[in-house]
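# Sequence unavailable; structure follows:
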């Protein structure tokens, strides 16, 4: 993976995730038999919300505001709180109910495959000295396993192979690996410096890398919560 392609991955993947969410909302609405007006309103909210969130976080990073690590509270911490709040809002509101009930279970799993190319791009950032080692799969980030297995599990579910049990086990593992790398990333910021002054996680405060937490972590976390919600309902895979 060339350096240019690695950097572009932090733009291309977030844009594709926003497009996938928009498509998912429209497809779910259609499968649930919602009216065209309701579907149009849901799609509009998704598109506008995605643009506003990506623009706001990108501008905050470009201005240098997110690098105020020792402010009280740190602006980066406020963004993290926003990521958590949006993840819960996407998954636990009527918006999330539409996705959890209107999309096939295998599709909700398959989208998590974006974490494989993301982890490859992150490893390239480590090799270039941009990202600290502990956030790569050569360190203590094992999230590449989630991305690698997502498409396999999705294919198993789509073919009718012990769908709910397989997805439940995979989802617990995937969420645990995500929470692990989130914790590592936060502890690696200059505010904590847990892994030492030579291994600080500062790069995610700059564009376009800010969309790693702001969009990709958000998508991964909301995705796991949506899968749990889908599993809790009585529905076919």
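All right, it came through fine. Everything quoted here is computed from the prediction, not taken from an experiment.

# Neighbours of residue 15, how many?
Residue 15 is flanked by 13 other residues according to other Cβ atoms under 10 Å. Where C-beta positions appear, they are placed from N, C-alpha and C, glycine not excepted.

# Secondary structure element holding it?
Using DSSP states H and E, residue 15 sits in helix 3-31.

# Name the residues of that helix that are buried.
For helix 3-31, burial by neighbour count (16 or more other Cβ atoms under 10 Å) applies to 6-7, 9-11, 13-14, 17-18, 21-22, 24-29.

# Stretch 137-153 now?
Here stretch 137-153 shows 137, 139, 141, 143-147, 149-151, 153 as buried, counting by 16+ other Cβ under 10 Å.

# And it, end to end?
In stretch 137-153, first residue to last residue: 21 Å (Cα to Cα, to the nearest Å).

# same deal with stretch 207-226?
Per Cα to Cα, the first residue of stretch 207-226 is 28 Å away from its last.

# how about the helices in the chain?
Counting by DSSP state H, the chain has helices at residues 3-31, 36-62, 75-92, 94-102, 105-110, 115-127, 144-158, 163-187, 211, 218-232.

# any idea how far stretch 186-202 is from the chain center?
22 Å (Cα atoms, centre = their mean, to the nearest Å).

# Can you mark which positions in it are buried?
In stretch 186-202, residues buried by neighbour count (16+ other Cβ under 10 Å) are 186, 188-189, 191, 195, 200-202.

# Same check on stretch 79-97?
79-80, 82-83, 86-87, 90-92, 95-97.

# Tell me the one among these nearest to residue 218.
Of all the buried residues of stretch 79-97, residue 218 sits closest to residue 83, with 4.9 Å by Cβ to Cβ.

# The closest residue to the closest one other than its chain neighbours: how many residues sit nearby?
Nearest non-adjacent residue to residue 83, counting by Cβ to Cβ, 6 or more residues apart in numbering: residue 218, 4.9 Å away. Residue 218: 23 surrounding residues under other Cβ under 10 Å.

# Is residue 224 in contact with residue 177, as I believe?
No - at 10.1 Å, residue 224 does not count as touching residue 177 under the criterion of Cβ atoms under 8 Å.

# List the residues that contact the nearest residue to residue 192 once chain neighbours are set aside.
Nearest non-adjacent residue to residue 192, counting by Cβ to Cβ, 6+ apart: residue 186, 7.0 Å away. By Cβ atoms under 8 Å, 6 or more residues apart in numbering, the contact set of residue 186 is 80, 192, 201.

# So the last one is in contact with residue 130, correct?
Right, residue 201. No - the pair residue 201 / residue 130 is not scored as a contact, 10.4 Å apart, by Cβ under 8 Å.

# could you point out where the chain is predicted with low confidence?
In the predicted model, the chain carries pLDDT under 70 at residues 1-3, 161-162, 234-237.

# switch the cut-off to 80
For the chain, the stretches with pLDDT under 80 are 1-3, 160-163, 234-237.

# Any chance of the backbone angles for the spatially most distant residue from the centre of it?
Largest separation from the mean C-alpha position in the chain: residue 35, at 29.3 Å (Cα atoms, centre = their mean). Main-chain dihedrals, residue 35, degrees, to the nearest 10: phi -70, psi 160.

# Just want to check the distance between the residue nearest to residue 192 and residue 180.
11 Å (Cβ to Cβ, to the nearest Å).

# ok, back up a step: just give me the closest of the buried residues of stretch 137-153 to residue 105.
residue 153 (9.9 Å).

# Quick check: residue 210 touching residue 58?
Yes - with contact defined as Cβ under 8 Å, residue 210 counts as touching residue 58 (6.4 Å).
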